[in-house]
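Engineer: Model the structure of this input:
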Amino acid sequence: MIRSNLRLAAAPVLLLALAGGSGTCHRSADDTAQQAPAAPPPLPGALPGTLPMGDPAGLAPPVTALPLREPIRLGRLPRAEDRYAYLDRAWWLDDAMADAPPDYAFDYDGVSPWGWDYPEGGRVLVEPVAGGYRSYYYAPGADTPFYVRDPGYGYAFDGATLVGLYSARGEPLEIVPETAPVGYAARYRSRGRDLYRADAAPRRIAVTTPAWTDTLAAYAGHRRVWHEDVARNPPWRAWHESHLAQAQAVWQPRRAAREAAAPRPAPPPRPRP
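Structural biologist: Predicted structure coming up:
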């Protein structure tokens, strides 16, 4: 397995004319510290673009049932290769989980999402859905995700701007206004903020190793396919490898620490003499 400030022209266009929207784009904390040693590669910023926009128990609601509480804008990144910055950052956060249990779970909306926290303030939240899992990736200090992955698509956000849409295997897709995936992105951003705000320390529940062991095989399969895709996607692989040393300096020590906490299979019974 392979390990491993841009501008746009123009006036913002809202997905829906919802009150209270802001055109301000969020920046992750490490965007202002690009010279710091061993920092993750910064995510490229983007200004809003000019495109028009016209369950079973225990599972999170389907995306079509999620409320839409905030406006979202459509944008693009001028350099095609920068589309992989968001995707690759999420990949590294995911990879650093290893197979260790989540740091905690918490109750929200009839579901018990899992959470992984990182020392610099980044976070990954995961909830089970029909057909797999939804994963939300947060930059340090941000209460909305910079990347969301569901069983069908990936979504990259610069604050309230959707700047990337991807297939389940990480292939960039055109952001077409008034299509279902663009509508999903708006709902996921709202859901991501709701989850983050509900994720408060007093509500956190420990995840025991036996409980995680029962779930690990299914979740590891969900992650493995995505992790292998970087090797099959030459443009993504090129981005990944060009930032490899910088990313490894940050994430490999964290992965090693979590690997030490991963469940180990029980040894086979000794034969009787």
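
Engineer: Return the helix or strand in the protein with minimum mean pLDDT.
Structural biologist: Here the helix or strand of the chain ranked lowest by mean pLDDT, DSSP states H and E is helix 209-232, holding a mean of 81.

Engineer: those strands in the stretch 1-150 of the chain, which residues are they?
Structural biologist: Secondary structure of the stretch 1-150 of the chain (DSSP state E, counting those that start in this stretch): strands at 73-74, 104-106, 114-117, 123-129, 132-138, 147-149.

Engineer: Identify all contacting residues around the helix or strand that contains residue 181.
Structural biologist: Taking DSSP states H and E as the criterion, residue 181 maps to helix 180-198. The contact list for helix 180-198, computed with C-beta atoms under 8 Å, 6 or more residues apart in numbering, reads 15-16, 53, 63, 66-72, 74, 106, 108-109, 113, 123, 125, 127, 134, 136, 138, 143-145, 148, 150, 153, 155, 157, 160, 162, 165, 173, 175-176. Glycine gets a C-beta too; all of them are placed from N, C-alpha and C.

Engineer: tell me which residues of it are tucked away?
Structural biologist: 181-196 (16 or more other C-beta atoms under 10 Å).

Engineer: what's the answer for stretch 67-80, then?
Structural biologist: Applying 16+ other C-beta under 10 Å to stretch 67-80 flags 68, 70, 71, 72, 73, 74, 75, 76, 77 as buried.

Engineer: can you give me the helices for the stretch 1-150 of the chain?
Structural biologist: Ranges of helices in the stretch 1-150 of the chain, per DSSP state H, counting those that start in this stretch, are 83-95.

Engineer: Neighbours of residue 141, how many?
Structural biologist: By other C-beta atoms under 10 Å, the residues close to residue 141 number 13.

Engineer: Ok, residue 224 next?
Structural biologist: Around residue 224 there are 11 residues (other C-beta under 10 Å).

Engineer: for the one 3 residues further on, same thing?
Structural biologist: Neighbourhood size, residue 227 [other C-beta under 10 Å]: 15.
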